[in-house]
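A.B. asks: what would the 3D arrangement of this be:
(one chain, ligands or ions: 1)
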Amino acid sequence: MHISEPYKLIILFSVLILSCFSSELLSMNKKSGGTSRKFIWKIAWSTRPVKSKDEIKQRISQAKAIGFNAIALPGIQKRWSDEIVSVGKEKHIEVYYVIFPHSGVSQKYEPHEYNLLPNSQHGGEPLPEDIGKVIDKKPKPFPCFIREEAVLSAQKDVDFAIKKGYTGIAFDLFGYDNFHGCYCASCNKARKKYLQEHPGMDKKEADHRFSEECIIKFYTKVISYAKSINPEIKTTCHIYPAFLPNILYGNHLPVDYCGQTAAWFFKPYWDLNKIKKYSEIIVKNEAAYHSNSIGVAMVGFYKNVWGETGKSPQRLKNEVETIKKAGVKGIMISELSSILSCPEIIQVLKNELK
Ligand SMILES: [Zn+2]
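C.D. replies: Here you go, the predicted model:
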């Protein structure tokens, strides 16, 4: 076949471009494959109190030295805001202000659920044999965050966080004690309306979708408000308590870094195959509803909390490596003080968070 001179030039040029492009793709593949994977966003949750400004500086510096680039200090955030924000800037670590649910009404369960046993996993996914038999019983049930007063209260927290100069806001405990919904009078009224508006939907399915949509609406209202005041404010969350109708629903929420449990705190520790499966879903579906959302895997590590003696260094290493291999870009580890009390755990995380 005869090819004219100009066409030869075009073909030669195309081959050159294609070969450059494919070598670029190859190097991207290498970067994202195997052990070369890295977390880009790494947050430590620190819940224990401090007694002085020096202790705050020490704790944030220790988190940074381990490899974290973000931190949330819910137990001390209100009182020590100025110090936290100032040390965060000095150490180049993002600081998040945690918003908790507030409202005048406690969550209500379905009548038969008051007789169920307490969940051994404390808000985490109940053991398979316990599903339907336990709820997350507390001395006082969680507040019903669906009410308008809860949104207003969260917006006040947002105002405070922005005024103080926090990098972002974090959501915690916005879920249901009974793992599926609140049955207080106002929720029941709204649920009835939802069922009427979805006549073809199975009743149980409609019940679950209503509960899920309540959480999504709450986040959407609070985050829209936060971004309207400061478009640069970052947002994260930890999905808790577990929502059994749709465990990994977090990607429906308009958060920048969505923390979903990939390895819970308590024994029996999760099977590595389960950690792998959840991690793969977290990364695969991270931007399904919000294109800029990054999926974050939450890993629990407690020592001397609720009877938990602490995972072994090898166990924690296996968990974090499994998450990393799945390609998850963000990691959320709680709890920092427990980590800091174990030199071998610190070393594992220093290697894994590099
Ligand atoms: Zn309610």
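
A.B. asks: tell me what the residue nearest to the spatial centre of the chain is bridged to.
C.D. replies: The structure's the chain has its C-alpha centroid closest to Gly259; by CA atoms, centre = their mean the separation is 1.4 Å. Legend: beta-bridge partners of Gly259 under DSSP bridges are His238, Val296.

A.B. asks: does it touch Gly250 like I think?
C.D. replies: Yes - taking CB atoms under 8 Å as the definition, Gly259 is a contact partner of Gly250 at 7.4 Å. Heads up, the C-betas are built off the backbone N, CA and C, glycines and all.

A.B. asks: which neighbours do those two share?
C.D. replies: 237, 239 (CB atoms under 8 Å, 6 or more residues apart in numbering).

A.B. asks: for the residue of the stretch 251-354 of the chain at minimum distance from the ion, which non-adjacent residue is spatially closest?
C.D. replies: Residue of the stretch 251-354 of the chain nearest the ion, by CB to the ion: Leu253 (18.9 Å). Counting by CB to CB, 6 or more residues apart in numbering, Tyr219 is the residue found nearest to Leu253 once chain neighbours are left out, at 4.6 Å.

A.B. asks: would you map the helices across the chain?
C.D. replies: Shown for the chain, the helices assigned by DSSP state H span residues 5-32, 53-66, 81-91, 148-164, 185-197, 203-229, 272-284, 313-325, 336-340, 343-352.

A.B. asks: deepest of those helices, which one?
C.D. replies: Highest mean neighbour count among those (mean count of other CB atoms under 10 Å): helix 336-340, with a mean of 22.

A.B. asks: could I get the average pLDDT for it?
C.D. replies: In this model, helix 336-340 carries a mean pLDDT of 96.

A.B. asks: again with stretch 215-235
C.D. replies: Regarding stretch 215-235, the rounded mean pLDDT is 98.

A.B. asks: repeat that for stretch 52-72.
C.D. replies: 96.

A.B. asks: what does the chain have sitting close to the ion?
C.D. replies: 144, 182, 184, 187 (CB under 5 Å from the ion).

A.B. asks: of the residues you listed, which is the nearest to Ile233?
C.D. replies: Nearest to Ile233 among these: Cys144, at 25.8 Å, using CB to CB.

A.B. asks: for whichever residue of the stretch 1-150 of the chain sits closest to the ion, what are its contacts?
C.D. replies: Using CB to the ion, the closest approach of the stretch 1-150 of the chain to the ion is made by Cys144 at 3.2 Å. Residues in contact with Cys144, defined by CB under 8 Å, 6+ apart, are 103, 105-108, 150, 182, 184, 186-187.

A.B. asks: among those, who's most crowded?
C.D. replies: Ranked by neighbour count (other CB atoms under 10 Å), these have Cys182 at the top, with 27 neighbours.

A.B. asks: pull the contacting residues for that one.
C.D. replies: 107-108, 144, 146, 176, 211, 214.

A.B. asks: next up, phi/psi of the residue nearest to Lys354 when sequence neighbours are not counted, please.
C.D. replies: Leaving aside its chain neighbours, Lys354 sits nearest to Gly67 (6.1 Å; criterion: CB to CB, 6+ apart). Per-residue torsions, Gly67: phi 130, psi 0 (degrees, to the nearest 10).
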